[in-house]
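Undergrad: Predicted model, plus sequence, below.
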Amino acid sequence: MHLTHLLRAATAGLIAATALTAAAHTAEAADTLGSAAAGQGRYFGTAVAASHLGESDYAATLDREFTSVTPENEMKWDATEPTRGGFTFTAADQIVNHAQSHGMDVRGHTLVWHSQLPSWVSPLGATDLRTAMNSHITQLMTHYKGEIHSWDVVNEAFQDGSSGARRSSPFQDKLGDGFIEEAFRTARAADPAAKLCYNDYNTDGVNAKSNAVYAMVKDFKARGVPIDCVGFQSHFNSASPVPADYQANLQRFADLGVDVQITELDIEGSGTAQATSYGNVVKACLAVSRCTGLTVWGVTDKYSWRSSGTPLLFDGSYAKKPAYNAVLTALGGTGGGTDPGTGAACTATYSTDAQWNDGYNGKVTVTAGTAPVGAWTTTVTLTAPQKVTAVWNATATWDSSGNVMTVKPSWNGSLAAGASTSFGFTVAKNGSVAVPTVGTCTAS
Ligand code: G3I
């Protein structure tokens, strides 16, 4: 066994012990996403970029809240085998090591995908391509053998729309329909302990595309092709909302005898609407016994692959959004109280109360942690040229840019443990549709 693997195996033993300790704590304080999900027998994960691990707020939020990580790009083919047979694992190892030293599991993403392929793959002829695909799977899974709880073996192999057909790709076009089966068989041989998943988007409800994936999984199960799980990416926005039959769709796959996982969850929006959708996704997973965990596609809005749309649970300042509280509550956690990572005595969350053409009313809810609070302070940051025209239930002062408002209580500083108050403000949009961000809450 390679030295790195021996070290990792030793760490895995420690992690198992840590996991037991964490489980013992779960009943006492399910006040993070990970601990609340563990109380339901699920993991709660996030996509992670190695380049952000050095940012202290990013790492602190990751380490406090999540029990599973998915490398966002670092395990993809272009990142791991940029030249044929030339493997590089530096960035992926960084994420795996970080995860292991903080007691988190790792999802592997992804082995065979038409996108983010290095340029040497596409020109290969069929025989060479088959060899290259199997070698890539084997090398990656061997490097991380025993360290990945689930692998996305094949990603996004079906077309959108009503055809239910396979997507054109070098693998599909040169190797034919059998490439998926071959990839799964190779993967099973490389790491028999890893759950092998097929992962896709726009398959979250019952539709032509999910029907095609369903038929493939059914066929695989009937013929003994090794598949353990189906990943539902769950990228939602107003054009593609959480489908009404989301839970029913997860359940029909589970009924085929595979686990289901929510693998890349993000939902564009803000405030109550976004929070409600997030809560509904979590509830659907919990209602399906074979839904083994959820992963959100990023820690903070500021690093989401969606450059606009604020789709995640933490805002750009790492403040918990209403969506965070909705997820924590749906997981049966104790919501919005003391931040166990920083010992914060209060939290502040933003929602939009009312909107009209050129303005809106924002609302910030301030909640005391497990101890009473005598007074609190938080910040609200606007995007220019928006301007606040009124503030109520609080006193506000401004920084020199005029965009950051520091807010203190007026009559409502004193809060009992766990109690909430709120303040509001009116904003003139001046042409900008940006959503304000709320900073950390501090108490005295
Ligand atoms: O790292 C380079 C940087 O050096 C360069 O300067 C910069 C210039 O464009 O690009 C950087 O790479 C970008 C990479 O993300 C890392 O940030 C790529 O351009 C960009 O295309 C890549 O986007 C990723 C995307 O997959 C690519 O398809 C996103 O981060 C990632 O979130 C996204 O994830 C996918 C899942 O893997 C599969 N399902 C859909 C999901 C969202 O698109």
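TA: Yep, that arrived.
Undergrad: where's the closest residue to Thr295 other than its chain neighbours, which helix or strand?
TA: Nearest-residue entry for Thr295: Gly45, 3.7 Å, with adjacent residues in sequence omitted and distances by CB to CB, 6 or more residues apart in numbering. Backbone N, C-alpha and C define where each C-beta goes, glycine included. With secondary structure defined by DSSP states H and E, Gly45 is part of strand 43-48.
Undergrad: sorry, back to before: who does the residue nearest to Thr295 form a beta bridge with?
TA: Assessed by DSSP bridges, Gly45 has beta-bridge partners Ser68, Thr295.
Undergrad: tell me, how many neighbours does it end up with?
TA: For Gly45, the count of nearby residues is 31 (other CB atoms under 10 Å).
Undergrad: Could you do Glu65 as well?
TA: Neighbour count for Glu65, taken as other CB under 10 Å: 27.
Undergrad: Would you check that it makes contact with Gly45?
TA: No. Using CB atoms under 8 Å, Glu65 makes no contact with Gly45, being 10.0 Å away.
Undergrad: can you give me the helices in the stretch 1-150 of the chain?
TA: With helices called from DSSP state H, counting those that start in this stretch, the stretch 1-150 of the chain shows them at 3-26, 33-39, 56-65, 77-80, 90-101, 126-143.
Undergrad: Distance-wise, check the closest residue in space to Gln247 that isn't next to it in sequence relative to Thr276.
TA: Spatial nearest neighbour of Gln247, chain neighbours left out: Ala284 (3.8 Å); criterion: CB to CB, 6+ apart. To Thr276, Ala284 is 13 Å away according to CB to CB, to the nearest Å.
Undergrad: Check which helices and strands the strand holding Gly45 sits against.
TA: Packing partners of strand 43-48 (3 or more CB pairs under 8 Å, 6 or more residues apart in numbering; DSSP states H and E): helix 33-39, helix 56-65, strand 68-71, helix 90-101, strand 105-113, strand 291-296.
Undergrad: how about 6 Å then?
TA: helix 33-39, strand 68-71, strand 291-296 (3 or more CB pairs under 6 Å, 6 or more residues apart in numbering; DSSP states H and E).
Undergrad: quick revisit: roughly how far apart are the residue nearest to Thr295 and Asp93?
TA: Counting by CB to CB, the gap from Gly45 to Asp93 is 18 Å.
Undergrad: just Leu286 next, same as before
TA: 33 Å.
Undergrad: In contact with Thr426, which residues are there?
TA: For Thr426, the contact set (CB atoms under 6 Å, 6 or more residues apart in numbering) comprises Asn361, Thr389, Ala390.
Undergrad: Can you tell me which of those residues comes closest to the ligand?
TA: Asn361 (33.1 Å; CB to the nearest ligand atom).
Undergrad: ok now do the closest one, which residues does it touch?
TA: Asp353, Ala354, Gly424, Thr426.
Undergrad: Arg130 now?
TA: Leu175.
Undergrad: How about the protein: which residue is closest to the ligand?
TA: Trp305 (3.4 Å).
Undergrad: mind checking which helix or strand that residue is in?
TA: Going by DSSP H and E, Trp305 is not part of any helix or strand.
Undergrad: Next, count neighbours for it.
TA: Other residues close to Trp305 by other CB under 10 Å number 14.
Undergrad: Then Trp392?
TA: 11.
Undergrad: swap in Ala92?
TA: 22.
Undergrad: Give me the distance between it and Thr365.
TA: Counting by CB to CB - Ala92 and Thr365 are separated by 39 Å.
Undergrad: same deal with Ser420?
TA: With distances taken as CB to CB, Ser420 is found 5 Å from Thr365.
Undergrad: Run through the residues of this protein sitting next to the ligand.
TA: Residues of the chain lying close to the ligand (CB under 6 Å from any ligand atom) are Glu72, Asn73, Ser115, Gln116, Tyr201, Gln233, Glu264, Trp305.
Undergrad: So Trp215 belongs to a helix, correct?
TA: No Trp there; residue 215 is Ala. Yes. Ala215 sits within a helix when classified using DSSP: H, G, I helix; E, B strand; the rest coil.
Undergrad: Look up the closest residue to it, ignoring the ones flanking it.
TA: Distances taken as CB to CB, 6+ apart put Gly164 closest to Ala215, at 7.9 Å, once the chain neighbours are dropped.
Undergrad: what helices or strands is the helix or strand encompassing Asn199 leaning on?
TA: Assigned by DSSP H and E, Asn199 belongs to strand 195-200. In terms of contacts (3+ CB pairs under 6 Å, 6+ apart), strand 195-200 is packed against strand 150-155, strand 229-232.
Undergrad: Serialize those strands to TSV and add fields for mean pLDDT and mean neighbour count.
TA: As requested, the helices and strands packed on strand 195-200 are exported to TSV (pLDDT from 0 to 100; neighbours: other CB atoms under 10 Å):
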stretch	mean pLDDT	mean neighbour count
strand 150-155	98	28
strand 229-232	99	27
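Undergrad: Of these, give the one that comes closest to Ser317.
TA: Judged by CB to CB, the one of these that comes nearest to Ser317 is strand 229-232, at 29.8 Å.
Undergrad: Pick out the residue closest to the middle of the chain.
TA: Val296 (1.2 Å; CA atoms, centre = their mean).
Undergrad: Identify the residues contacting that residue.
TA: Thr46, Leu265.
Undergrad: What pLDDT is listed against it?
TA: For Val296, the model assigns a pLDDT of 98.
Undergrad: Repeat that for Phe184.
TA: Predicted confidence (pLDDT) for Phe184: 99.
Undergrad: Phi, psi for it please.
TA: phi -70, psi -40 (degrees, to the nearest 10).
Undergrad: can you check Pro311 too?
TA: According to degrees, to the nearest 10, Pro311 has phi -90, psi 0.
Undergrad: Quick check: closest non-adjacent residue to it.
TA: Of all residues not flanking Pro311 in the chain, Asp266 sits nearest, at 3.7 Å (CB to CB, 6+ apart).
Undergrad: Now do the residue nearest to Ala287 when sequence neighbours are not counted: how many residues are near it, please.
TA: Closest residue to Ala287 apart from its sequence neighbours, by CB to CB, 6+ apart: Gln247 at 5.4 Å. Neighbourhood size, Gln247 [other CB under 10 Å]: 20.
Undergrad: tell me which element Gln247 is part of?
TA: Using DSSP H and E, Gln247 falls in helix 246-254.
Undergrad: What are the contacting residues of that helix?
TA: Contact partners of helix 246-254, identified using CB under 6 Å, 6+ apart, comprise Asp204, Gly205, Val206, Val230, Val260, Ala284, Ala287, Val288, Arg290, Cys291.
Undergrad: Report how many residues lie close to the third one.
TA: Other residues within reach of Val206 by the criterion other CB under 10 Å amount to 16.
Undergrad: correct me, but it touches Asp245?
TA: Yes. Using CB atoms under 6 Å, Val206 is in contact with Asp245, at 5.1 Å.
Undergrad: Please list all residues in contact with the residue lying closest to Gly309 once chain neighbours are set aside.
TA: Spatial nearest neighbour of Gly309, excluding adjacent residues (CB to CB, 6+ apart): Glu268 at 3.5 Å. By CB under 6 Å, 6+ apart, the residues touching Glu268 are Asn237, Gly309, Pro311.
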